[in-house]
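Student: need a structure here:
(chains A and B)
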There are 2 protein chains.
Amino acid sequence: MTVRSDIEIAQQAQLTPITEVAAKVGLTADDLELYGKYKAKISFAAIRRLQKKADGKLVLVTAITPTPAGEGKTLTSIGLAQAMNKLGTSAVVALREPSMGPVFGMKGGAAGGGYAQVLPMEDINLHFTGDMHAITAAHNLLAAALDNHVHQGNALRIDVRRILWKRVVDMNDRALRNIVVAMGGKVCGFPREDHFMITVASEIMAILCLATDLMDLKKRMAAISVAYDLDGKLVTAGQLGVAGAMAILLKDAIKPNLVQTSEHTPALIHGGPFANIAHGCNSIIATKLALKMGDVAITEAGFGADLGAEKFMDIVCPYGNLQPHAAVLVATVRALKLHGHADPHDLASENTAALQAGLDNLAKHLDNLQQFGVPAVVGINRFTSDTEREIQLLRTWCAERDIPVAINTCWRDGGDGGKELAQAVLQVLKQETRPVHPLYEAQTGIAEKVKTVVQRIYGGEDVVFTNKAKKQLQEIEDFGWGHLPICMAKTQYSLSDDPQRLGAPTGFTVTIDDVSLCTGAGFIVCRTGNVMVMPGLPKVPAATRMDIDENGKITGLF
Amino acid sequence: MTVRSDIEIAQQAQLTPITEVAAKVGLTADDLELYGKYKAKISFAAIRRLQKKADGKLVLVTAITPTPAGEGKTLTSIGLAQAMNKLGTSAVVALREPSMGPVFGMKGGAAGGGYAQVLPMEDINLHFTGDMHAITAAHNLLAAALDNHVHQGNALRIDVRRILWKRVVDMNDRALRNIVVAMGGKVCGFPREDHFMITVASEIMAILCLATDLMDLKKRMAAISVAYDLDGKLVTAGQLGVAGAMAILLKDAIKPNLVQTSEHTPALIHGGPFANIAHGCNSIIATKLALKMGDVAITEAGFGADLGAEKFMDIVCPYGNLQPHAAVLVATVRALKLHGHADPHDLASENTAALQAGLDNLAKHLDNLQQFGVPAVVGINRFTSDTEREIQLLRTWCAERDIPVAINTCWRDGGDGGKELAQAVLQVLKQETRPVHPLYEAQTGIAEKVKTVVQRIYGGEDVVFTNKAKKQLQEIEDFGWGHLPICMAKTQYSLSDDPQRLGAPTGFTVTIDDVSLCTGAGFIVCRTGNVMVMPGLPKVPAATRMDIDENGKITGLF
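Tutor: Numbers count the residues shown, from 1 in each chain, chains lettered A, B, ... in the order given. Now for the predicted structure:
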């Protein structure tokens, strides 16, 4: 059998006009703002009209501690929605939109794969409906307004040594990580150190995903902290007077994007914040809309459940007033074997001992979901190299613990490959569910919040703050922002803060290096180690393998 | 009478669905890639199909030497098209798209005005269909690939002291004019001086507007010169291997955008290069398409006829194989009085002496159009302060010289206000036209080409090159690029290179400071003095007056 690449499969797919996909979930042509024939934004009038409908059930797709290749959360989310529709349940998937910059660096994209993709794949991975560009523009308008304010007399007494707001570009460009701006004398402003990040790292992206409507977005724009003044007080975007203009730039970006999966299942692709310095979920607006469009809405959280699911429960659910009814914990046999200390270069050979040992990681994530009160289904994204014995071991392990488990082959078989999983999830959704609850109360101190996450979710023993982080933490509490939820920025490759510690480590201490405040997004970022907010291009960038012919056919994109 | 602002008039306009506007000129819904209900890109399949149709007549709208307020070329172009349609002639207007960045700086936009606007005005002045963002992305991908090449071993031996390719952003941001990039040590690349320009100054914008199709665009991308190597040879984008990826990023941007005017006349708004360091006209693809869509296609060239019309004849027509059948020379009584040395602060009072004196400027531009062999109509954009005596003086002056003249009030009256102009232009179009001819031959030396333009078009006596410019000129000819057309970058406020010299100065010498090569766009830029390629924000940016309400209604945009 010839294995076809994702782009080949995507290019051979027969797409349905997006107006027809929309019609299946109660949206008329008038509700859509088309971007070509296969992409549309959904108008706020339509969103308001759908408010009257009852909510469907919400399923959160999360994962065990991932390997660098990823475990297939997006693929599983898409395949699960396709399978539910095959079984006669109207399901809509709500996912993050990919960042364009990295497409030109390493091979990659974020639109699922095989026969469980969101389409049109090239567009979704490139400019899509322009949301990223709008965020870039709004972000850089604020940066320009900031330097202009300083240049034009600095009435707010901004301390140019303590500017928080960087610039952004949707490109992997290491040369822009650390720069000096405003050289060239009096007409060019006051020279200072500056930095570019990749657009998805912008606080505006996090805000777009947490805002509940355009007015909430505008209020959050105004609340963004851009710098300290010379008295050490925070200066906001609102004080610079550009929150309205920023909201104007985002007036279309805030509307959710409707596309379709390989099997014409409606998919909302909207927003894609970093899963480390931000919360890593698609927009609340899209998730809430999916709940109105389908009987089941399936959404996904970035990285493993220790990061993505925790932030979903502690940040997204409270801001969005959301309530997940079930979680799918995605795992692969390969990753579990890696957690059981199998040779990373030989994950394809049968190794039940390593698999057995690696189940500690699965068990810890299942415990964590239980702590939040969300019933979980284990979803195994099956690879051809997985043996029957390995699969059976997994099934037995879950059965002994009374945990629903399902094997899926959505990459190869689309929705048909996800029917077992869909049935298992639908079974869980029939149960009476208790409301989920965040892990900590708002009024708890920041240090205590971090300790709670480290001990209860990561399985660690303690947390230490560097002197710098202690000072930052104190300042945030003094400023009166201590009630915000925390947003942990930690390696995704371990439950601990050390990417080398696989499985389910215990007894470790997490070190917080840096505590920073996002007053617009409304969370406090606690970093363990450096987070790369501006990637570079590799020696041979993917861009050098890409081409387009006279018919507009693209090659080399993935 | 209450005078309403352009945005108020625009927001009260009743738009026709763009599919209906398209239907009037032979385009089906399938030919369009919709961007909402009122904007669409036109597919290449449609463009190919329309190739079979005969071309309409081409009208170039240009102007006398302008005042800083502008003389209303865009307004006249739109009003003229509306008027022709009212008179039963199918006319389509092809215009430049505005740059978003400046919208947030000074008040302004570039979508006509009053009852001769292109709509939806807010969208056209903001993200529109994403063309500017696509150009920004393609430009910055090339910049990232360049620095990455140096960082990853520099196989092409690029001289980091002699990098030609800057970065771009669609924002007025003086802090980015002069920067130092790649600080931060080994992992961040080799530090060097760099610069950001505003996106419309990108050579990619000029290429998009001169390319005849996607493959021509890709070829031109590969031909862009990005730096010198250590041997002093030019290094191209093609050598960096990213021309294909850049073309992918521009696959939609290269398709013309269809919108409508205040009176539902079809308007193609596509591309908007600088009129100084580039040629300042909308895309050749759009102009050629307009010739297929209507019996008359109306296009516009930036700045006065000494710059815009000259570049149209010497750069655009040869690359696009275009042939204008008539020119409209836009003038205002106010500007003519300014050229006749009226008090700049009192242009509203009747002053026939100044008007008479200022007609020298009009006469020189008419002479110039005659040199290219294009029959001209003088189009007076009438202001309420213009007196009957002033208008009569103008009419008499033109009648004595047998030059058609028409007064228009399109701002106030839309197409009805442009009927006299439309009739005059249609009269000219009935005449047998001779083919227009460029001013110089390709094989003429660069210095000789500049001298020809200075003497024949500007009315100057001589041209001098600084030592630096002489060296640059010699190098370009040594490289074998001397056959390219020249692109003059000169003040638009005078026929000379001194903005203070109004009217029709003679005897002056033009100094060329800088000669640079655009091997992708295919022209040689000859600069007289500095050209600002990155504007700054003013003390009170327009952005601070903008707002948007819960219904998405924008205020303060213009």
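
Student: Point out the other helices and strands that the helix or strand bottoming out on mean pLDDT in chain A packs with.
Tutor: Within chain A, no helix or strand scores below helix A:6-12, which has a mean of 81 by mean pLDDT, DSSP states H and E. Using 3 or more Cβ pairs under 8 Å, 6 or more residues apart in numbering or on different chains; DSSP states H and E, the elements in contact with helix A:6-12 are strand A:116-119, helix A:121-125. Where you see a C-beta, it was placed from the backbone N, CA and C, and this is true even at glycine.

Student: will you turn these into JSON lines that also has mean neighbour count and mean pLDDT?
Tutor: Formatted as JSON lines, the helices and strands packed on helix A:6-12 follow (neighbours: other Cβ atoms under 10 Å in any protein chain shown; pLDDT from 0 to 100):
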{"stretch": "strand A:116-119", "mean neighbour count": "30", "mean pLDDT": "95"}
{"stretch": "helix A:121-125", "mean neighbour count": "23", "mean pLDDT": "92"}
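
Student: Relative to chain B, which of the ones you listed is closest?
Tutor: Evaluated over these, closeness to chain B peaks at helix A:121-125, with 8.1 Å, by Cβ to the nearest Cβ.

Student: so what secondary structure elements neighbour that closest one?
Tutor: helix A:6-12.

Student: Give me the buried stretch members for the least confident helix or strand of chain A, please.
Tutor: A:Asp6, A:Ile7, A:Ile9, A:Ala10, A:Gln11 (16 or more other Cβ atoms under 10 Å in any protein chain shown).

Student: neighbours of the residue nearest to the last one when sequence neighbours are not counted, just the number please.
Tutor: This means A:Gln11. Nearest residue to A:Gln11, sequence neighbours excluded (Cβ to Cβ, 6 or more residues apart in numbering or on different chains): A:Lys553, at 7.4 Å. Neighbour count for A:Lys553, taken as other Cβ atoms under 10 Å in any protein chain shown: 11.

Student: can you give me how far the least confident helix or strand of chain A is from the chain middle?
Tutor: Remark: helix A:6-12 is offset 24 Å from the chain centroid, using Cα atoms, centre = their mean, to the nearest Å.

Student: and stretch A:441-459, C-alpha only, in CSV?
Tutor: The C-alpha trace of stretch A:441-459 is given here as CSV (Å, rounded to 0.1, in the frame of the first residue of the first chain):
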residue,chain,number,x,y,z
GLU,A,441,-9.8,29.5,44.8
ALA,A,442,-9.1,32.9,43.3
GLN,A,443,-8.2,34.4,46.7
THR,A,444,-5.5,31.9,47.4
GLY,A,445,-2.0,33.4,47.2
ILE,A,446,0.0,33.0,44.0
ALA,A,447,2.7,30.8,45.7
GLU,A,448,0.0,28.6,47.1
LYS,A,449,-1.7,28.2,43.8
VAL,A,450,1.5,27.1,42.1
LYS,A,451,2.2,24.6,45.0
THR,A,452,-1.3,23.2,44.6
VAL,A,453,-0.7,22.6,40.8
VAL,A,454,2.7,21.1,41.4
GLN,A,455,1.7,18.8,44.2
ARG,A,456,-1.8,17.7,43.0
ILE,A,457,-1.3,17.7,39.2
TYR,A,458,2.4,17.2,38.5
GLY,A,459,3.0,14.9,41.5
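
Student: Buried ones in that stretch, by neighbour count?
Tutor: For stretch A:441-459, by 16+ other Cβ under 10 Å, it's A:444, A:446-447, A:449-454, A:456-459.

Student: which pair in those residues spans the largest distance?
Tutor: A:Ile446 and A:Gly459 (20.7 Å; Cβ to Cβ).

Student: ok, A:Met106 - contacts?
Tutor: Shown in contact with A:Met106 (Cβ atoms under 8 Å, 6 or more residues apart in numbering or on different chains): A:Pro538, A:Ala542.

Student: three-state assignment of it?
Tutor: Assigned with DSSP: H, G, I helix; E, B strand; the rest coil, A:Met106 falls in the coil class.

Student: again, but for A:Glu390
Tutor: Relying on three-state DSSP, one would call A:Glu390 helix.

Student: quick one: A:Cys317 and A:Leu439 touch, right?
Tutor: No: counting by Cβ atoms under 8 Å, A:Cys317 does not reach A:Leu439; the two are 11.0 Å apart.

Student: Have a look at those two and say which one is more surrounded.
Tutor: A:Cys317 (22 against 18).

Student: Chain B versus that one, what's the distance?
Tutor: 25 Å (Cβ to the nearest Cβ, to the nearest Å).

Student: Ramachandran angles for that residue?
Tutor: Dihedral angles of A:Cys317 (phi, psi; degrees, to the nearest 10) stand at phi -60, psi -50.

Student: So what's the predicted local confidence for it?
Tutor: Model confidence at A:Cys317, given as pLDDT, is 97.

Student: and it, what is it in contact with?
Tutor: Contacts of A:Cys317 (Cβ under 8 Å, 6+ apart): A:Gln323, A:Pro324, A:Val436, A:Pro438.

Student: so which of those comes closest to chain B?
Tutor: A:Gln323 (26.1 Å).

Student: That closest one: how many residues sit nearby?
Tutor: A:Gln323 sits with 15 neighbouring residues when counted by other Cβ under 10 Å.
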